[in-house]
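Asks: predicted model and sequence follow; I will ask about them next.
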Amino acid sequence: MKEALRIAGEKNLDLVAVSLSAKPPVCRIMDFGKYKFEQSKREKEARKNQKTITMKEVKVRPNIEEHDFQVKLKNARRFLENGDKVKATVMFRGREITHPELGQKLLLRIAKDVEDLGNVERVPKVEGRNMIMILTPKTS
């Protein structure tokens, strides 16, 4: 170990312990600062190549008109084309919550209309006064 330290000192490099528990201990003579710099550079490059998936939301009401529905559907299709997840929400107010089948019918219609672009990740489910369904873009 002392001889390795001396050799590293002569070459103006660092002595890095790879495995101290091994008999004899395994060490490496290297420029540790340069190693850390290159490692951080590789990690930065890996992060740059990652694709972050964001969640976009489309909110509708159970008694939505046809044109308004088409606008919301167009937005959902655009989000899926851009590679984002879509959270489709039907908001119930007052006594509308007594007819959850209307909201489910609406969400299933959205899922059917965007099935060429996305898959249903989570089926329609009532959460409080909202019914939520999550769509994910299809991988090509």
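Replies: Now that the structure is in, tell me what you want to look at.

Asks: okay, and the residue nearest the centre of the chain sits in which element?
Replies: The centroid of the chain falls nearest to Ile53 when counting by C-alpha atoms, centre = their mean (4.0 Å). Here Ile53 sits in a region with no helix or strand, counting by DSSP states H and E.

Asks: pretty sure it sits against Gly83.
Replies: Yes - using C-beta atoms under 8 Å, Ile53 is in contact with Gly83, at 6.7 Å. (Each C-beta comes from the backbone N, C-alpha and C, glycine too.)

Asks: number of nearby residues for the closest residue in space to the residue nearest to the centre of the chain that isn't next to it in sequence?
Replies: Of all residues not flanking Ile53 in the chain, Lys85 sits nearest, at 5.7 Å (C-beta to C-beta, 6 or more residues apart in numbering). Using other C-beta atoms under 10 Å, Lys85 is surrounded by 18 other residues.

Asks: next: the one 4 residues further on.
Replies: Close neighbours of Thr89, defined as other C-beta under 10 Å, add up to 19.

Asks: wait, what's in contact with the nearest residue to Met55 once chain neighbours are set aside?
Replies: Nearest residue to Met55 in three dimensions, chain neighbours excluded: Lys85, at 4.8 Å (C-beta to C-beta, 6+ apart). Going by C-beta atoms under 8 Å, 6 or more residues apart in numbering, Lys85 touches Ile53, Thr54, Met55, Lys56, Phe79, Glu121, Ile134, Leu135, Thr136, Pro137.

Asks: now do the phi/psi pair for the first one.
Replies: Pointing back at Ile53 there. phi -100, psi 120 (degrees, to the nearest 10).

Asks: just list the residues touching it, thanks.
Replies: By C-beta under 8 Å, 6+ apart, the neighbours of Ile53 are Gly83, Asp84, Lys85.

Asks: who touches the longest helix that the chain contains?
Replies: The helix that spans the most residues within the chain, counting by DSSP state H, is helix 32-49. With C-beta under 8 Å, 6+ apart as the test, helix 32-49 has contacts from Asp14, Val16.

Asks: check which helix or strand covers the nearest residue to Arg122 once chain neighbours are set aside.
Replies: Distance criterion C-beta to C-beta, 6+ apart; nearest residue to Arg122, sequence neighbours excluded, is Ile134 at 4.1 Å. Using DSSP H and E, Ile134 sits within strand 130-137.
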